[in-house]
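1. Dropping a prediction and its sequence here:
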Amino acid sequence: MSYATTNPYTGEVLKTFPDATDAEVEQAIGNAHEAFLTWRTTSFGERARVMQNAADLLRKDAAAYANLLTLEMGKLASEATAEVELSAAIFEYYVHNAERLLAPEKLPVADPAEGEATLVHDPLGVLLAIEPWNFPYYQIARIIAPQLSAGNTMLLKHASNVPQSAAAFETLMKTAGLPDGAFQNLYATRSQIEMILNDPRVHGVALTGSEGAGAVIASQAGKALKKSTMELGGADAFVVLADADMEKTAKWAVFGRHWNGGQVCVSSKRMIVVDEVYDQFVERYSAGVAALRAGDPFDAETTLAPLSSQGAADEIKDKIREAVALGATATQVGPSVPNRGAFVQPTILTDLAEDNPARYWEFFGPVSMLFRAKDEDDAVRIANDSPFGLGGSVFTSDPKHGAEVAARISTGMVFVNHPTMVKADLPFGGVRRSGYGRELLGLGIKEFVNHKLINVVDIDAPF
């Protein structure tokens, strides 16, 4: 897998890590299983203590944790700091809510002869998390905070370009007081993932990543009869209605598309604007994008980060060229980005005809697709004309009507007058090729538990 820290701004390879051996993977699974046998019976209070310690440690050393994010994947320093806080908030959410969310539930039975029925939520065991590079800490916290709080134990296979971030989180959890083996980082190979999933001591896998990776891992999990959740790609619709506050809307559009360098599953990739205000929106949006400043992500003045790697930048440039070859128009916006670093020139794609397959792609970088809708109904049609269904937004001066339009958009999350956001107390997940399952809140903590019925029946036998 070639696990390595390569600075996306300088291109310098800073540190490399060897792949795990099969023996190390086998040992990690054994350690995780042994830890589970104890951790599953640990009180909610003790689990909460560990989660709170993790949140406190993240906040205490926020600058150091944030620095590592910027170094490994090029995240703006301000965004890196925000990710550290978001991760801490997720741990803290389960400190306060895990026991309530997993409390036994008395079931209302129709006939007293059915007995006293109770639903309990038991942990499954060892789980595998496969996580991407775009939010190296948040992605980990989003899965381990609920699952450790539920009593499961975790193995992590992180992206190959953020190995130090992965190791930092393993150290974090050990320092927070998590028992040895309960959360382990593995520099695993692709073949070892299948080995892990085929082990009877492993009971599920959660993946956040590309459609391709999701299809492979879901197939392997299915063959092994293991539970899986998939958080995959997205091409969020950013719907602009005729009565939207154009100044505010354009500013949110620039932010919604370009935060984290545009490398976000739920960034506003498809701007769908009704005809009446299309030209006005394009003018304001183009000016806002042109004002972005590309440069050193450690520099507080920088507002457009490099992509995570030169390979990622080259892939986006190839997709732009292919979209143009298929009939789209590509307009580069703003001052030229630096030659140094994994930068992509902000680009707006228009003229994406109904028969152009590029209109259905996900561009993971500073590339915006703009669509002119005839009216509101046409905007909803275009929004729903996508293989993805992760997030989306509707902008209007009438929030009530915005919610009505949001209800017509087929996706996992829709926001009115704000791009799709991620918070500790909001659920996350999508439909169609954006995956299945939910993370965070009670939905997330209950994805990998056994919803077990205990029924106490005290009646005479019929014979």
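-> Received it, and whenever you're ready, just let me know what you need.

2. contacts, neighbours, all on C-alpha from now
-> Fine.

3. any idea how far Q184 is from P357?
-> Using Cα to Cα, to the nearest Å, one obtains 41 Å as the distance from Q184 to P357.

4. Counting neighbours, go ahead and name the busier of the two.
-> A count of neighbours by other Cα atoms under 10 Å puts Q184 above the other of Q184 and P357, at 23 against 12.

5. Quick check: which element contains that one?
-> Using DSSP states H and E, the secondary-structure element containing Q184 is strand 183-185.

6. Other residues contacting that strand?
-> The set of residues that contact strand 183-185 without belonging to it, under Cα atoms under 8 Å, 6 or more residues apart in numbering, is A28, A32, T153, M154, L155, L156, K157, H158, A166, A167, E170, M173.

7. among these, who's most crowded?
-> Across those, neighbour numbers were computed from other Cα under 10 Å; T153 holds the maximum, 32 neighbours.

8. Torsion angles phi and psi at it?
-> Geometry field for T153 lists phi and psi as phi -120, psi 160, criterion degrees, to the nearest 10.

9. Touching, it and L37? I think so.
-> No: in this structure, T153 is not within contact of L37 by Cα atoms under 8 Å, at 9.4 Å.

10. Quick one: list the elements packing against the helix ranked longest in the chain.
-> Scanning the chain for the helix with the most residues, using DSSP state H, yields helix 77-101. Of the remaining helices and strands, those touching helix 77-101 by 3 or more Cα pairs under 8 Å, 6 or more residues apart in numbering; DSSP states H and E are helix 44-60, helix 62-73, helix 138-150, helix 441-445.

11. tell me the angle it makes with helix 62-73.
-> With axes from the mean of the first three to the mean of the last three Cα atoms, to 10 degrees as the basis, helix 77-101 and helix 62-73 are set at 110 degrees to each other.

12. residues in contact with helix 77-101?
-> Among residues not part of helix 77-101, those counted as contacts by Cα under 8 Å, 6+ apart are 44, 47-49, 51-52, 54-56, 58-59, 62-63, 65-67, 69-70, 135, 137-138, 141-142, 145-146, 149-150, 260, 297-300, 423-425, 440, 442, 445.

13. make it 7 Å
-> 44, 48, 51-52, 55, 58-59, 62-63, 65-66, 69-70, 137-138, 141-142, 145-146, 149, 297-298, 423-424, 442 (Cα atoms under 7 Å, 6 or more residues apart in numbering).

14. Buried members of the residues you listed into PyMOL, please.
-> Buried residues among the contacts of helix 77-101 (16 or more other Cα atoms under 10 Å), as a PyMOL selection:
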select buried, resi 44+48+51+52+55+58+59+62+65+66+69+70+137+138+141+142+145+146+149+297+298+424+442
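
15. hang on, the earlier thing: which SSE is immediately downstream of the longest helix of the chain?
-> strand 105-106.

16. Just the mean pLDDT for that next one, thanks.
-> Strand 105-106 shows an average pLDDT of 96 in the prediction.

17. partner strands of that strand, parallel or antiparallel?
-> Partner strands and pairing direction for strand 105-106 (DSSP bridges) are strand 116-123 (antiparallel).

18. helix or strand right after the strand it pairs with?
-> Scanning the chain past strand 116-123 towards its C-terminal end, the next helix or strand to appear is strand 126-130 (assignment: DSSP H and E).

19. quick one: average pLDDT of that following strand?
-> Within the predicted structure, the mean pLDDT of strand 126-130 is 98.

20. cool, stretch 383-392 as well?
-> The predicted confidence, averaged over stretch 383-392, sits at 98.

21. Next, the distance between the ends of that stretch.
-> With Cα to Cα as the measure, the first residue of stretch 383-392 is 8 Å from its last.

22. Name the residues that touch that stretch?
-> Outside stretch 383-392, the residues that touch it by Cα under 7 Å, 6+ apart are 233-238, 266, 360, 409-415, 419-420, 429-434.

23. next one: stretch 161-175 to chain centre, how far?
-> Between the mean C-alpha point of stretch 161-175 and the mean C-alpha point of its chain there is a distance of 18 Å (Cα atoms, centre = their mean, to the nearest Å).

24. Stretch 74-94 too?
-> Shown here is stretch 74-94, whose average C-alpha point lies 13 Å from the average C-alpha point of the whole chain (Cα atoms, centre = their mean).

25. Stretch 322-341 now?
-> Centre to centre, stretch against its chain (Cα atoms, centre = their mean), the figure for stretch 322-341 is 26 Å.

26. buried sites along that stretch?
-> With burial defined by 16+ other Cα under 10 Å, the residues of stretch 322-341 counted as buried are A323, V324, G327, A328, T329, A330, Q332, V333, G334, V337, P338, G341.

27. so for stretch 395-411, what's the average pLDDT?
-> 98.

28. Can you get me the start-to-end distance on it?
-> Counting by Cα to Cα, the terminal residues of stretch 395-411 are separated by 16 Å.

29. and what of stretch 69-77?
-> 8 Å.

30. on that earlier part again, please dump the helices and strands packed on helix 77-101 into JSON lines; it should also carry mean pLDDT and distance to S397 for every row.
-> Putting those into JSON lines (pLDDT from 0 to 100; distance: least, Cα to Cα, whole Å) gives the following:
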{"stretch": "helix 44-60", "mean pLDDT": "98", "distance to S397": "38"}
{"stretch": "helix 62-73", "mean pLDDT": "98", "distance to S397": "37"}
{"stretch": "helix 138-150", "mean pLDDT": "98", "distance to S397": "33"}
{"stretch": "helix 441-445", "mean pLDDT": "97", "distance to S397": "30"}
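
31. Pipe those into a markdown table and attach distance to D398 per row.
-> Putting the helices and strands packed on helix 77-101 into a markdown table (distance: least, Cα to Cα, whole Å) gives the following:
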| stretch | distance to D398 |
| --- | --- |
| helix 44-60 | 38 |
| helix 62-73 | 38 |
| helix 138-150 | 33 |
| helix 441-445 | 29 |
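
32. nearest to Y9, of those helices?
-> Smallest distance to Y9 across the helices and strands packed on helix 77-101 (Cα to Cα): 8.5 Å, for helix 62-73.

33. residue ranges with poor pLDDT in this structure?
-> By pLDDT under 70, the low-scoring segments of the chain are 1.

34. Helices of that one, start to end?
-> Secondary structure of the chain (DSSP H): helices at 22-39, 44-60, 62-73, 77-101, 138-150, 163-176, 190-197, 211-223, 246-258, 275-290, 310-325, 376-384, 399-407, 441-445.

35. Of these, which stretch is the most buried?
-> Counting by mean count of other Cα atoms under 10 Å, helix 138-150 has the highest mean neighbour count of the helices of the chain, with a mean of 25.

36. From the contact counts, what lies against that helix?
-> In terms of contacts (3 or more Cα pairs under 7 Å, 6 or more residues apart in numbering; DSSP states H and E), helix 138-150 is packed against helix 77-101, helix 441-445.

37. To Q310, which of the ones you listed lies closest?
-> For the helices and strands packed on helix 138-150, distance to Q310 was read as Cα to Cα. The smallest value, 19.6 Å, belongs to helix 77-101.

38. and the direction of the closest one versus that of helix 44-60, what angle?
-> In this structure, helix 77-101 runs at an angle of 170 degrees to helix 44-60, with the same axes, to 10 degrees as the basis.

39. and stretch 181-196, how far apart are its ends?
-> Looking at stretch 181-196, the gap from its leading to its trailing residue is 15 Å under the measure Cα to Cα.
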